[in-house]
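Engineer: Here's my sequence, what's the structure:
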Amino acid sequence: MKRNVAILMGGYSSEYEISIQSGNVVHKHIDKNRYQPFRIVISKDEWYYLDDDDKKHPVDKNDFSLLLDGQKITFDVGFNIVHGTPGEDGLLQAYFELIGIPQTACDFYQAALTFNKRDCISTLKPYGIPTAINYFLNKGDAINAKDILNTVGLPCFVKANKAGSSYGVSKVKSEDELLPAIEVAYKEDDEIIIESFLSGTEVSVGVITYKGEDLVLPITEIVSENEFFDYEAKYLGKSQEITPARLPKEDEEKVRVLALKIYQILKMKGFSRSEYIFHEGEPYFVEMNTNPGFTEASILPQQAAAIGISIQELITNTIEEAIQKG
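Structural biologist: Numbers count the residues shown, from 1 in each chain. Modelled structure (predicted):
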């Protein structure tokens, strides 16, 4: 008998449309001989099942069920591909744990921790993980530009603390640009992280749970046409993503070991994609995404394909891992 799989997509953040694309890719490639997929759209206003005729059917949030043609539909597992809140910050994970349905992403604590860039960095630093120099601000804090720039230097990056896909990120090259960049970041979040500039090759490393083991996927080198790997570079073709990365063997091994170490320190499971910049010859951790993009062109599927793992295999493995651990 086929298992009912809720493909969770959408969300409450600026990444809504990207998540819809990822969810549709999961729906397209899922093994329909093995699973019965349901596209479940999560939005601020409503949660609903979108059928093949694009008709909406409301989800009962009390037990995460549907009523279709007078029949109650329940789910064996949720395939969580919601980027941003509530799918990547722990809220959906906690909800599914409470109602007793397994879901494919990491657990709620790990999601909340990694979604909060400054908390994640603060957790990793005692383990000797190298990161940029950072300065934290909460909305309403006094802004002392001199103090900030004395700490992080120029150029620097101003980022929304809890936002994905490079929303709310600016590269600041002069003191005059600092306050406008802070305002941009505050449009996405009420917490900000300001980081020193790391100069060097940028790479993205996927680490996943595959057949019960932690697996580091081939590394992707990011070559952005823009000044950094921003939204345009990620999603509008303004970058080259080269897999495998053009790294010396020694550097490749350094970042593979570091990525696996971080995955295991944080007690991750499921998908992850973490970003690093080689600064003065060493890989510096930038951030981790626990629900990375999942279109055919996205980095994680590219990396898996490089070692012969198809999108369908990725999906099947992730569902079965979630059910086993559920």
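Engineer: how many neighbours does residue 177 have?
Structural biologist: 16 (other Cβ atoms under 10 Å). Placement of C-beta: from N, CA and C, glycine included.
Engineer: Sorry, slip of the keys, the one I care about is residue 148.
Structural biologist: When neighbours are counted by other Cβ under 10 Å, residue 148 registers 19.
Engineer: longest helix of this protein?
Structural biologist: Among the segments of the chain that qualify as a helix by DSSP state H, the longest is helix 249-265.
Engineer: hmm, who's touching stretch 84-96?
Structural biologist: Identification of contacts with stretch 84-96 by Cβ atoms under 8 Å, 6 or more residues apart in numbering yields 8, 11-16, 19, 42, 64, 78, 80-82, 102-103, 105-112, 115-116, 162-165, 289-291.
Engineer: Equivalent analysis for stretch 254-273, please.
Structural biologist: Against stretch 254-273 from outside (Cβ under 8 Å, 6+ apart): 104-107, 110, 113-114, 120, 123-124, 127, 129, 203-209, 214, 216, 219, 247, 274, 276, 278, 282-283, 285, 288-292, 299-300, 318, 321-322, 325.
Engineer: buried set for the helix or strand where residue 22 lies?
Structural biologist: Residue 22 is part of helix 16-29 when elements are defined by DSSP states H and E. Residues 16, 18-27, 29 are the ones in helix 16-29 that count as buried (16 or more other Cβ atoms under 10 Å).
Engineer: May I ask which two of those are separated the most?
Structural biologist: The most widely separated members of the buried residues of helix 16-29, counting by Cβ to Cβ, are 16 and 29 (21.0 Å).
Engineer: what about the residue positioned nearest the centre of the chain, distance to residue 134?
Structural biologist: Most central in the chain under Cα atoms, centre = their mean is residue 289, positioned 2.7 Å from the mean C-alpha point. Separation of residue 289 from residue 134 (Cβ to Cβ, to the nearest Å): 18 Å.
Engineer: now swap in residue 177 and tell me
Structural biologist: 18 Å.
Engineer: Show me the contacts of stretch 254-273 that map onto helices.
Structural biologist: Among the contacts of stretch 254-273, DSSP H puts 110, 113-114, 120, 123-124, 299-300, 318, 321-322, 325 in helices.
Engineer: So which of the residues you listed wins on neighbours?
Structural biologist: Busiest of the ones in helices among the contacts of stretch 254-273 [other Cβ under 10 Å] is residue 114, holding 26 neighbours.
Engineer: What's the mean pLDDT across stretch 120-135?
Structural biologist: Across stretch 120-135, pLDDT averages out at 96.
Engineer: buried residues in it?
Structural biologist: 120-121, 123-124, 129-132, 134-135.
Engineer: And for stretch 250-267?
Structural biologist: Neighbour counts over stretch 250-267 (16+ other Cβ under 10 Å) mark 251-252, 254-256, 258-259, 261-263, 266 as buried.
Engineer: nearest to residue 33, of those residues?
Structural biologist: Nearest to residue 33 among the buried residues of stretch 250-267 is residue 263, at 31.5 Å by Cβ to Cβ.
Engineer: how far away is the closest one from residue 207?
Structural biologist: Distance, residue 263 to residue 207, using Cβ to Cβ: 4 Å.
Engineer: Next one: residue 274 from residue 284, what distance?
Structural biologist: According to Cβ to Cβ, residue 274 and residue 284 sit 11 Å apart.
Engineer: just residue 106 next, same as before
Structural biologist: 23 Å.
Engineer: Between the two, which has more neighbouring residues?
Structural biologist: The neighbour comparison of residue 106 against residue 284 (other Cβ under 10 Å) goes to residue 106, with 27 against 21.
Engineer: Pretty sure that one sits against residue 290.
Structural biologist: Yes: the pair residue 106 / residue 290 is scored as a contact, 5.0 Å apart, by Cβ atoms under 8 Å.
Engineer: list residues touching both of those two?
Structural biologist: Both residue 106 and residue 290 are in contact with 114, 268, 270, 272, where contact means Cβ under 8 Å, 6+ apart.
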